[in-house]
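Visitor: take a look and give me a structure for this.
(4 chains)
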There are 2 protein chains.
Amino acid sequence: MATNKVPIANSLLASLPYKDFQHLLPGLEPVTLIFGTTLYEPAAAIKYVYFPNDSLVSLLTLVEGHLALEVGLIGREGMLGVSLALGIGISPVRALVQGSGTAMRMKSSRFMLEFRRSPALRQEIYRYTHALMAQITQTAACNRFHVVEARLARWLLMTRDRVRSDEFRLTQEFLAHMLGVRRVGVTKAAGTLQQQKLISYRRGRIRILDRKNLEAACCPCYEIVKDMHEKSGT
Amino acid sequence: MATNKVPIANSLLASLPYKDFQHLLPGLEPVTLIFGTTLYEPAAAIKYVYFPNDSLVSLLTLVEGHLALEVGLIGREGMLGVSLALGIGISPVRALVQGSGTAMRMKSSRFMLEFRRSPALRQEIYRYTHALMAQITQTAACNRFHVVEARLARWLLMTRDRVRSDEFRLTQEFLAHMLGVRRVGVTKAAGTLQQQKLISYRRGRIRILDRKNLEAACCPCYEIVKDMHEKSGT
DNA sequence: TTTTTTCTGTTCGCTATCGCACACAACGCC
DNA sequence: GGCGTTGTGTGCGATAGCGAACAGAAAAAA
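Guide: Reported below is the predicted structural model:
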């Protein structure tokens, strides 16, 4: 697998000093993540860490009687497997590929070696871990207080930012799991947004038509999380 | 301030090797935390880290238009200020003393020194950070899916475990902020629990009467978070 | 083209929670 | 003991979201 075949767009990797990055490179393996693949299962060992380039991965908690609830969304700005950086080898959440694309991955054992070796890598990852905690926290509040429509808008915008495209593939059923509501709730909310000409969709394909006004329709959590990531440089 | 006046019951500190602990001790200062005190404000610098003994501190996110929402509860099993361990000097949340009691505190600068020096301390704190992330995640799901009554029960049990007492002081108004609901919602839920003889309360004082059945009335999140902390040894 | 699968839209009654407003009761202080 | 403060109980209509079931439409497969 030729590493240079895939452009490395991941911000965490990109922000490393040249030397540290060069050291990391041989252990990194480009992979294509396919929509719907499960990368981590709760309570299962973490085999690889992933640094998404243009792929998108959701962190989900499972609650009995419900299918899922998204607590975090990870794209080029982050990584999967921060647990390892905290000395824990098992994932507390499910990680589900939500947008196909490429990522760099590394075996956990190798990652731990590099992690111990490179202070710059440690610093970047701890910084990102903090941003992720903040994101989870904000999501918790958002899920409690905001209506489905605003949360849907937020989700679409966050996805857009990470895949850098106005159109992406996903079903209302899937969205319902992310938001922790029934599919009907998504149908209703999406219908409203479509009426306002903010988005359009047809069978598993959603397109953002009017980003600006979509931001107006969504809750402030979007801005808050965005600022957080920008401030912390990830 | 004589350090030996306060028995150090904090699990994080207690689990350190003797030598590491001895090194830490001179920097630790016993303090009494008073109910209602705010220790951290969102986006403000962290001046001290705290290791609660028998005190209890809530982590709250603020959402415009709502007073608060608790995302984490910290007692003897943990610490305040994990952000520092991740290289970030500002708190993303508000920290509010929820149960009066003692804690050990340390200046942030001093803490950073010790943190860099002691691998055992680092490991403990990273481990706890992971448990805290899991707790926040679980809380997020719980706030989304479970009814007020179950969440109230969970909250009371978690508090009980941390202060090691069946009775504690708090108002329904306060509980409402924690749970992110109106006070009326708490009145109703608490009323139901009292009718079932699981708790009793009078003006700011709540007492758990029947712990066993209170566990039955609460959501499984209680057990999940508890197991998580126990497994990770905190 | 026909058939099958997958995705979307709609309807129904029901419940938890909201927002607001007001009455009352306990405690603490003078 | 009286009085203000603080905490608790109640009642009202409004509404967002639930659970379940079914109909239709678009895409994929045969």
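
Visitor: could you dump the helix or strand that A:Glu215 is a member of to CSV, C-alpha only?
Guide: Element membership for A:Glu215, per DSSP states H and E: helix A:211-217. The C-alpha coordinates for helix A:211-217 follow below in CSV (Å, rounded to 0.1, in the frame of the first residue of the first chain):
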residue,chain,number,x,y,z
ARG,A,211,-26.1,27.2,4.0
LYS,A,212,-26.5,30.7,5.5
ASN,A,213,-30.2,30.3,6.4
LEU,A,214,-29.7,26.8,7.5
GLU,A,215,-27.3,28.2,10.1
ALA,A,216,-30.1,30.5,11.2
ALA,A,217,-32.4,27.6,11.6
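
Visitor: how far off centre is stretch A:164-176?
Guide: Distance of stretch A:164-176 from the chain centroid (C-alpha atoms, centre = their mean, to the nearest Å) equals 13 Å.

Visitor: just stretch A:107-119 next, same as before
Guide: On C-alpha atoms, centre = their mean, the centre of stretch A:107-119 falls 22 Å from the chain's centre.

Visitor: name the nearest residue to the closest residue to chain B within chain A, sequence neighbours excluded.
Guide: Residue of chain A nearest chain B, by C-beta to the nearest C-beta: A:Ala140 (3.4 Å). Every C-beta, even on glycine, is put in place using the N, C-alpha and C of the backbone. Closest residue to A:Ala140 apart from its sequence neighbours, by C-beta to C-beta, 6 or more residues apart in numbering or on different chains: B:Ala140 at 3.4 Å.

Visitor: could you do A:Arg207 as well?
Guide: A:Glu167 (4.3 Å).

Visitor: contacts only, for the one you found.
Guide: Neighbouring residues of A:Glu167 by C-beta atoms under 8 Å, 6 or more residues apart in numbering or on different chains: A:Arg205, A:Ile206, A:Arg207, A:Ile208.

Visitor: check whether the host helix or strand of the third one comes near DNA strand D.
Guide: Yep, that's A:Arg207 we're talking about. Following DSSP H and E, one finds A:Arg207 within strand A:205-208. No - Strand A:205-208 is not in contact with DNA strand D by C-beta under 7 Å from any atom of the strand; minimum separation 8.0 Å.

Visitor: what does chain A put close to DNA strand D?
Guide: A:Gly65, A:Val147, A:Val148, A:Glu149, A:Gly180, A:Val181, A:Arg182, A:Val184, A:Gly185, A:Ala189, A:Arg202, A:Arg203.

Visitor: contacting residues around the last one?
Guide: So the one you mean is A:Arg203. A:Arg203 neighbours (C-beta under 8 Å, 6+ apart): A:Thr171.

Visitor: and A:Ala9, how many neighbours?
Guide: Other residues lying near A:Ala9 total 18 when counted by other C-beta atoms under 10 Å in any protein chain shown.

Visitor: backbone phi and psi for it, please?
Guide: phi -100, psi 0 (degrees, to the nearest 10).

Visitor: pLDDT score assigned to it?
Guide: On pLDDT, A:Ala9 comes in at 89.

Visitor: okay, the residue nearest to it when sequence neighbours are not counted and A:Arg205: tell me how far apart.
Guide: Spatially, and ignoring its direct neighbours in sequence, A:Ala9 is nearest to A:Asn53 (4.3 Å; C-beta to C-beta, 6+ apart). Per C-beta to C-beta, to the nearest Å, A:Asn53 is found 22 Å from A:Arg205.

Visitor: cool, A:Pro92 as well?
Guide: As judged by C-beta to C-beta, A:Pro92 and A:Arg205 stand 32 Å apart.

Visitor: neighbour-wise, which of those two wins?
Guide: A:Pro92 (20 against 12).
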